[in-house]
Each structure stands twice: as structure tokens, then as C-alpha cells.
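Participant: I'd like to go over a predicted model; first the sequence, then the structure.
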Amino acid sequence: MLQNLRVQAQRSDAGDPAWGWMSLSWLAVVIGGVYILSAKLSLSLLTPDGVAVFWPAAGVAAGALIAFGPHARWAVVAGTMVATIVANLLGDRNLLSSMVFAVSNAGEALLTAGLIERFFSSPFNLDRLRHVLGLLGAAIIATAVSGIGGTLGFALFHGAPASSFVTWQNWFASDALGIITIAPLIIGLASTTREPPARNETIEGLVALASLVVMSVIVIALPPEPWTTVVPIALLFPVLLWIAARCRPVFAAAAAFIVTLAIVWTTTIGIGHFGDPGLPMADRVLAARAGILAVALCAYVLAALFAERRQHEAAFAESEARLQEALTAGAVTTFVWDVGTRSSQRSANAAQILGFDPRQIFTPNNFLSRVHPDDRERFKALVRGVIPERPAYTVTFRFKHPDGREVWIEETAKAEFDAVGRLVRLQGLTLDVTARKRSEEQQSLLIAALDHRVKNLLGRVAAVAKDMRHGSDSLDDYIRALDRRMQSMAGAHALLSQNRWDGVDLAELVRRQLAPNGTDANTTLGGPNIMLPVAVTQTLAMVLHELAMNAAKYGALSTPHGRVDVNWNREPGEDAAHLSIAWREVGGPAVAASPDCRYGVSIIRDLIPQELGGSVDLSFASSGLCCKMKIPL
């Protein structure tokens, strides 16, 4: 019911106005009914002198205002005022005094809730010590002010037998205790509707409250002997401590309410420690109020302290978990090595990064035994070499996992020394740099390969430029031929770069070399998908370029009806597979039986045998040129 009223009150602040007025009306009725019942409870437990030990109705109104928030203000005020007027008129009070008391009670609740709202965040919970002290301070201020109005009501409209100060004192004490004992319970119940406790916590809290009831009955049943004065503390305090340490503050508020009822009941009917007939009633009431205040504050303070500790532990655990996630994501572990005890501590992710079993103790000797033998002495020398003038070091070494996998570790540490300069502690970070090391190695290999390829390419360019000089009729012919060959080599290089130097598709290479003069109409390509290695690509590109240029100048591609067929296949060999390529020209002009052996022909015949260890069969048939090549892959 409390949850439904709270939800409806919140909806009324921003939802449908009709629904808001209806829900607030129900809230006012409920608050008024509970207020009247609380007042009747207090009036039924009056002392023989007519003094109410505590006034729970004050706690109902203030607690409801704090729990439901400002949007329920006027519903709670209306319920409180109407209930106060009705309760007083049913008694011996007149209408004017009833109205004064109603204004005092409603103003008391408004002032208490206003102070809480002004100085504390919403929603308000008693899970912090400053909140407990804030509620206590707000209750004292509000009841002190409302007590003035109540005292004036008694003085103006009723002939009170006691002095005005005594009347104010009783009003202040009973209302303050009512707020302190009842308001936390309502606030706690409202908080459980927002965040219900776990099932185990609920069961444990109810069992603890039942134990508290049993202990209270035992305390009440004890005879009023001097030796029994310490028994209530010995019986009740452990249970209160149990509730505060293990459960939410709402259970501590319920415990304070149970103890309060027990104290008030024993005081008013005259049994137990607080009902000793040998003591004056004023002393008994004072003792009862002091006991209620002590138990309530003890329960709230303990509950708040334990709640703060649980919050700090949860925040620390969350922070630790995030730190571990960050360390794991970065492949970093932290360590502390205590030289005196020869023990080491590592972060939780060390087992994952270093590969050891987290259930086993990983000592410094275990760690050192897994350092690569070639790096171990250097690592030990750095650790032993730390001195106050040079307390830090950074070292990279190889580390062997239990499964045999080898990783690279970078350790950065700083040493701590005592007053005489002896090493006390070593702490730092261990970083898995395997990926970085592999990247560096790969980069070194790439640089070396690139250097080798550049040297070969420059050498080939120089050789081409030198040998072409003898076969050129003029400087212009020489420049044009050299430019075409450079473009061919650049095209092969571009294909290799596109594939990150992992090889080139043979069909794409042939198509690129035929592109200047060959089309789908005068060329035919056929063969399986074959990826050429880097060395084969560069050499074969030059040979194909010379064949294509000769076909365009003298062969099949120099006439409209000529055609070039290029076919290839992979054939098994003795040591490795061989690539077989056949270049055939048909439909072109007649070919001389023994053409001049110019530079292009020498490239076709000599380059593959010299650089790749393959073979070339170049024949000049009258029907057209035929070139068969075999290249070991």
C-alpha cells in the first residue's frame, strides 16, 4: 500500500490532474487514519499523571512528508490537521484549541520535512551518519517551535495544572521522540519500495527482529533487582548490533520502534525497570525517554555507520573491478615484492597474463624460473643493482608460460629503502609487450625485405638502361623503349603493393601487360587461379612485357585479324610444383625464321633461366610466335 501511495503521489506531480487529486485525497485519508490510530495508541499509554511518554503521530506526519516528498505536502498537512481536530473534539478539547493544536502539529511536520529537504538530497535515507544527525536536529528544532504553539493552546483554552514550561517540555519531549522513533521507520519502508532488499537479507532481518521481541519480553519479565540493571544492555545490544551490521537501516528503525513500545508499555503499566513503583512518575518518564532516545540513536548510528561501510566497500570493489578490467585490457599487472618476508603480491589479472594457476602461490622464485635463460642473469643483475641513488629500472625479457608459450614482458619497478639504505620493497608494473615485439620484428623483416627489393629493382633498372643502349637506333627510340619498360615494372610493383607484397594473381598480371594493345577481341586467357610469389612476379612481368611489345610491333597484335592466346597450368615436379605458361600468336604477319636477336628477345630467353631457374622455349614459326615457359614455384 505504501508503495502504491508513493507512486500515485509522484504521478500526481506530473501526470493527469484528475488522477492526481484522487490519489492525493486517498493519501490524505490514509495519513489521517494512521495519525488518529497513533494518537489513540499514545493516549492509551498515558502515565497516571496524564503524561504521554512519546507522541508517535508526530513521527507519522513528519515521516510521510519526508518519504513522499514535496508533491505530497498538502495531502499530508490536510490529513494531519483533520485528524488532530477530530481526535481533540472526540476528547475534552474545544474547537479553537483543536485548531491551534492542528496548526502546531502540521507546522511541526512541515518544518521537519522542510529542513531535511533544504540540507539533504532526495530521496532521503538514513544510510549516512550525517543524515541521522540531520533528522535529529530537524526534529529538535521543529518540536521546540511547535511546542510553543501547543503550550499557548493549553494556556489560552485549558486550565493546565502544570506550568507553561513543563507543558512545553512534555510536548517537546514526546513529539521529538515520536519523530525520532516513527519517522525513520516510514522513511525506511519507503526506501524498500524503491530498492527492495534481497530475500536472504529480509529473512535475516525478520529473524533478528523476532529475536529482539523475545529479548524484550525476557527483559520485561526480570525482577527489578540491582543485579539486573545491566541485563537489558547485555541482551539487547548484541541483537541491535546484529541488525545494524547485517541489514538495511529500515530494520534498525523497526528494532528501535519495538524497544520503544516495550519501554513505554512497561512505564505506563508499572512493571520492569521503567515501571518501578518506588520511583516518582516524573523520574520514571524521564528514564523511559532517555532509554528510548539512547536505543534509537544507538540503532540508527550503528546502522548508518555499517551502511556507509557497505557503500564504501561496494564503491571500492567497483573501482577495483574497473581497475582490473583496465589492467587486463592493457595487458598490465601490478606487483609488490617484500624483501624481508620474501613474499610477493600481484594484481588479480596476473594469473591471466602470466599464465599461472590463480589457486597456487606464485613466489618470486617461480617467476624467476620462468624468465628465459638468456635474459635471466641480466634481469637478476638489474634487480640486485638498485640503490637509493638509482632506485628504478625498466627491463624487457622473455617469459615462458606453463603451457610452453613464450611471451615478451616489460617490467618497470621502483625500490624502497630503509634509513640505512637497505632494500625493503620493490613495486611496479609488468606489461605484456609480445604484440609490440612481434610488430617490431615484423617491421625489421619488412625493412630488410624492402631494402633487398629496392636494391634488386635499382639493379634491374640499371641493367635495363645499360643493355638497351646497344639495341636502340636513336636516342628518342631509346627513351621511349626505356619508358615503356619502366612503366611495366611500375605496374608489377603496383600490383604487389595492392596485395601487400603477398603475391599477385597471374591472370591479372597477364591482363595488365597486354592492356596497351590487347582487348577481349584479340586476346584469350585461360588457366587456374595462381598466386605468383614476389620474385616470380617481377621477372615474369618483364618477360610478358617484351612478348606483348613484340606482338604489337611485329606479331599478331600488329594486324586487325591477329590474336594472342595465353594459357597456363600448374604441373607437379620432382621437388615442387612448376608453372607452365604457353604464349601463342596466330593470324599475324609471317615471321622470319631467325629474327635479329635484339634486347627484347634476350630478355625473353635469358631472364627466367637466370633469375628463377626455369626454362624458356621460344620458337618463330611461320604461323606465328610461340613461347613456352616453365617456372618453379
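Facilitator: Alright, I've got the coordinates.

Participant: so where's the stretch 401-550 of the chain uncertain?
Facilitator: Low-confidence segments of the stretch 401-550 of the chain (pLDDT under 70): 449-450, 452-454, 456-474, 476-478, 480-484, 490-493, 496-497, 499-502.

Participant: Recalculate using a threshold of 90.
Facilitator: 401-407, 409-411, 413, 415, 418-522, 531-550 (pLDDT under 90).

Participant: Show me the helices in it, by range?
Facilitator: Applying DSSP state H, counting those that start in this stretch to the stretch 401-550 of the chain gives helices spanning 434-467, 475-498, 506-514, 534-553.

Participant: Could you check how far the longest helix belonging to the chain is from the centre of its chain?
Facilitator: Using DSSP state H, we find that the single longest helix of the chain is helix 281-329. Taking Cα atoms, centre = their mean, to the nearest Å, one finds the center of helix 281-329 at 26 Å from the center of the full chain.

Participant: So in that sheet, which strands flank the helix or strand following it, and in what orientation?
Facilitator: Going down the chain from helix 281-329, the next helix or strand is strand 332-338, by DSSP states H and E. Here strand 332-338 has these sheet partners by DSSP bridges: strand 343-346 (antiparallel), strand 423-432 (antiparallel).

Participant: avg pLDDT for stretch 262-273?
Facilitator: In this model, stretch 262-273 has an average pLDDT of 74.

Participant: Go ahead and confirm residue 615 touches residue 627.
Facilitator: No. Between residue 615 and residue 627 there is no contact under Cβ atoms under 8 Å: 11.2 Å. Heads up, the C-betas are built off the backbone N, CA and C, glycines and all.

Participant: out of these two, which sits in the more crowded spot?
Facilitator: Shown here are residue 615 and residue 627; by other Cβ atoms under 10 Å, residue 627 has more neighbours (22 against 14).

Participant: gap between the more buried one and residue 621?
Facilitator: Noted for residue 627: a distance of 11 Å to residue 621, by Cβ to Cβ, to the nearest Å.

Participant: for residue 54, same thing?
Facilitator: As judged by Cβ to Cβ, residue 54 and residue 621 stand 123 Å apart.

Participant: Equivalent analysis for residue 189, please.
Facilitator: Residue 189 is 105 Å from residue 621, by Cβ to Cβ.

Participant: Comparing those two, which residue is more hemmed in?
Facilitator: Higher neighbour count among residue 189 and residue 621: residue 189, with 17 against 13, using other Cβ under 10 Å.

Participant: Wait, a helix at the more buried one?
Facilitator: Yes. Under DSSP: H, G, I helix; E, B strand; the rest coil, residue 189 falls within a helix.

Participant: Make 261 the first number, not 1, from now on.
Facilitator: Right, with 261 as the first residue, what we last looked at is residue 449.

Participant: Residue 511 is in contact with that one, correct?
Facilitator: No. With contacts defined as Cβ under 8 Å, residue 449 does not count as touching residue 511, sitting 10.7 Å away.

Participant: what helix or strand does the residue nearest to residue 829 when sequence neighbours are not counted sit in?
Facilitator: Nearest residue to residue 829 in three dimensions, chain neighbours excluded: residue 840, at 5.2 Å (Cβ to Cβ, 6 or more residues apart in numbering). In the assignment (DSSP H and E), residue 840 maps to strand 838-846.

Participant: Name the strands paired with that strand and say parallel or antiparallel.
Facilitator: In the sheet, strand 838-846 lines up with strand 823-831 (antiparallel), strand 884-892 (antiparallel) (DSSP bridges).

Participant: Deepest in the core, which of these is it.
Facilitator: Ranked by average neighbour count under the criterion mean count of other Cβ atoms under 10 Å, the strands paired with strand 838-846 are headed by strand 884-892 at a mean of 20.

Participant: What's the first helix or strand after the helix or strand of the chain with the lowest mean pLDDT?
Facilitator: One helix or strand of the chain scores below all others by mean pLDDT, DSSP states H and E: helix 262-274, with a mean of 46. For helix 262-274, the following helix or strand on the C-terminal side (DSSP H and E) is helix 277-304.

Participant: So for that following helix, what gets flagged as buried?
Facilitator: By 16 or more other Cβ atoms under 10 Å, the buried positions in helix 277-304 come out as 280, 283-284, 286-288, 290-292, 294-296, 298-299, 301-302.

Participant: Likewise for stretch 367-379?
Facilitator: Applying 16+ other Cβ under 10 Å to stretch 367-379 flags 367, 368, 369, 370, 371, 372, 373, 374, 375, 376, 377 as buried.

Participant: Relative to the longest strand seen in the chain, what are the paired strands and their orientations?
Facilitator: In terms of residue count, the longest strand belonging to the chain (DSSP state E) is strand 666-677. Partner strands for strand 666-677, per DSSP bridges, with pairing direction: strand 652-660 (antiparallel), strand 683-692 (antiparallel).

Participant: Give me the contact list for that strand.
Facilitator: 595, 632, 639, 643, 646, 648, 651-661, 683-694, 696-697 (Cβ atoms under 8 Å, 6 or more residues apart in numbering).

Participant: Apply 6 Å and report the result again.
Facilitator: By Cβ atoms under 6 Å, 6 or more residues apart in numbering, the residues outside strand 666-677 that reach it are 646, 648, 651-652, 654-660, 683-686, 688-694, 697.

Participant: cool, stretch 606-620 as well?
Facilitator: Stretch 606-620 is contacted by residues 584, 587, 588, 591, 593, 594, 595, 622, 661, 662, 692 when judged by Cβ under 6 Å, 6+ apart.

Participant: list the buried ones in that stretch?
Facilitator: 606, 607, 609, 610, 611, 612, 613, 614, 615, 616.

Participant: Could you measure from the closest residue to the third one other than its chain neighbours over to residue 607?
Facilitator: Going back to what we said before, that points to residue 609. Leaving out its chain neighbours, the residue that sits closest to residue 609 by Cβ to Cβ, 6+ apart is residue 588, at 4.3 Å. Per Cβ to Cβ, residue 588 is found 9 Å from residue 607.
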